[in-house]
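Asker: sequence and predicted structure below; questions after.
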Amino acid sequence: MAAPTTITALAGGVGAARLLRGLVAVADPAEVTAIVNTGDDIVLHGLAISPDLDTITYTLAGAISREQGWGLEGETWHAMGALDRYGGQTWFRLGDQDLATHLYRTQRRSEGATLTEVTAEIVRAWGLALRLLPMSDDRVETRVRVLGEGELGFQEYFVGRQHGVPVESVRFVGAEDAKPGPEVLAAIATAERVVVCPSNPIVSIGPVLAVPGIADALRARRADAVAVSPIIAGAALKGPADRLLTELGHESSVVGVARLYAPYVATMVIDEADAGLAPAVEAAGIRPVVAPTIMHGPDEAAALARVVLEA
């Protein structure tokens, strides 16, 4: 059996990376586990790319590009420039240092290592003590149907179209046949606190919950689970979460998020800007905790992490 863990977080995207940075600052990093969305993963140029796993790793290692919020600080782009000369696919930008991560992951996968095993190796190489667990070692692909174009892979929608086209539906191909990663269910079951990070509910947390067994495990820990709303004053700070909620028939507000998460979490941290909606969040079945949730830097991330752990 996996060793008990104190904090287990469901995570995907930049908001999750920032909250995890706060959690490892206020708790023992060795007692923090993040179960990470892999529905965004893509194979490009023959390379296995895991954007959410890498964004979290780079952020916690202090190596993330501060300007972009993804990729590595001080990155160079010689490979992409050379590829562009040939007319190759450069819409998904991979920096020269970042390429090494994908080359290593692809090599190890070709040697038979699982995504869980490779992720642990990469995390150790960056000197991190927390556990990053892919939601599954099986392939799950987020597919987005957009108005007038049909179905696109998630990265084609998010990066290629700059998430600027209306969405008609989202599905997670392969999820029904996928198994949770080998340590995932135990990490949820043994956690003293379960956290749903301020990630996109539809395309970051949605794929995790779509893997059979994970949603049930989270329901069983509902009383100990706390979410942080990714929506503040009706809008997402980054990315298309607000538009996706609206386009798919949900309310783009902390109330809309609460309705989605009510089966899984008992408490949700909402921003001070939404204090007036606290009664509506409670009516949706979740206890609201009002606190500053915008993480401008490490201090704010640590403060929010303390709220989450004490909620």
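Answerer: Yep, it's here. Predicted model, so just to flag it, every value in this text is computed and none were measured.

Asker: count the neighbours of R124 for me.
Answerer: 10 (other Cβ atoms under 10 Å). Using the backbone N, CA and C atoms, a C-beta is placed for each residue, glycine as well.

Asker: quick one: it is in a helix?
Answerer: Yes: judged by DSSP: H, G, I helix; E, B strand; the rest coil, R124 forms part of a helix.

Asker: pLDDT wise, what is it at?
Answerer: On the pLDDT scale, R124 is placed at 97.

Asker: please report how far it lies from Y157.
Answerer: Separation of R124 from Y157 (Cβ to Cβ, to the nearest Å): 33 Å.

Asker: with V257 instead?
Answerer: Taken as Cβ to Cβ, the span from V257 to Y157 is 21 Å.

Asker: would you mind telling me which of these two has more residues around it?
Answerer: Between V257 and Y157, counted using other Cβ under 10 Å, the more crowded position is V257 (29 against 24).

Asker: helices along the stretch 1-150 of the chain, start to end?
Answerer: 13-26, 51-60, 78-85, 96-110, 115-125 (DSSP state H, counting those that start in this stretch).

Asker: roughly how far is the third one from the heart of the chain?
Answerer: Centre-to-centre, helix 78-85 and its host chain are 29 Å apart (Cα atoms, centre = their mean, to the nearest Å).

Asker: go on, the last one?
Answerer: Helix 115-125 has its average C-alpha position 17 Å from the chain's average C-alpha position, going by Cα atoms, centre = their mean.

Asker: same for it, what does it pack against?
Answerer: Applying 3 or more Cβ pairs under 8 Å, 6 or more residues apart in numbering; DSSP states H and E, we find helix 115-125 packed against helix 51-60, helix 96-110, strand 131-134.

Asker: mean pLDDT for these - can I get that in a markdown table?
Answerer: As requested, the helices and strands packed on helix 115-125 are exported to a markdown table (pLDDT from 0 to 100):
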| stretch | mean pLDDT |
| --- | --- |
| helix 51-60 | 97 |
| helix 96-110 | 97 |
| strand 131-134 | 98 |
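
Asker: nearest to G150, of the ones you listed?
Answerer: helix 51-60 (22.8 Å; Cβ to Cβ).

Asker: got the contact list for that closest one?
Answerer: Helix 51-60 is contacted from outside by 11-14, 16-18, 20-21, 24, 34, 36-38, 40-42, 64-65, 69-72, 98, 101, 119, 122-123, 126, 128, 130, 132, 134, 155, 204, using Cβ atoms under 8 Å, 6 or more residues apart in numbering.

Asker: correct me, but L20 touches T33?
Answerer: No: look at L20 against T33 with Cβ atoms under 8 Å: they stay out of range, at 10.1 Å.

Asker: shared neighbours, those two?
Answerer: By Cβ under 8 Å, 6+ apart, the residues touching both L20 and T33 are A9, L130.

Asker: got a list of what L115 touches?
Answerer: T38, S50, R105, R109, P134, D137, G181.

Asker: whoops, A48 was the one
Answerer: D41, H102, R105, T106, R109.

Asker: the same query, at a cut-off of 7 Å, please.
Answerer: Applying Cβ atoms under 7 Å, 6 or more residues apart in numbering, we find A48 in contact with H102, R105, T106, R109.

Asker: surely the third one touches I49?
Answerer: Just to be clear, that refers to T106. No: checked against Cβ atoms under 7 Å, the pair T106 and I49 is beyond contact range at 8.8 Å.

Asker: give me the more crowded residue out of these two.
Answerer: I49 (21 against 17).

Asker: relative to L237, how far out is the more buried one?
Answerer: For I49 relative to L237 (Cβ to Cβ), the value is 24 Å.

Asker: where does the closest residue to I188 other than its chain neighbours land on pLDDT?
Answerer: In space, and not counting its chain neighbours, I188 is closest to A217: 4.3 Å by Cβ to Cβ, 6 or more residues apart in numbering. Here the pLDDT value assigned to A217 is 98.

Asker: pretty sure T6 contacts P29?
Answerer: No: in this structure, T6 is not within contact of P29 by Cβ under 7 Å, at 10.5 Å.

Asker: in the chain, which spans are strands?
Answerer: Assigned by DSSP state E, the chain shows strands spanning 7-11, 32-36, 42-44, 47-49, 131-134, 141-146, 150-153, 167-173, 193-196, 225-228, 231-232, 235-236, 267-270, 287-290.
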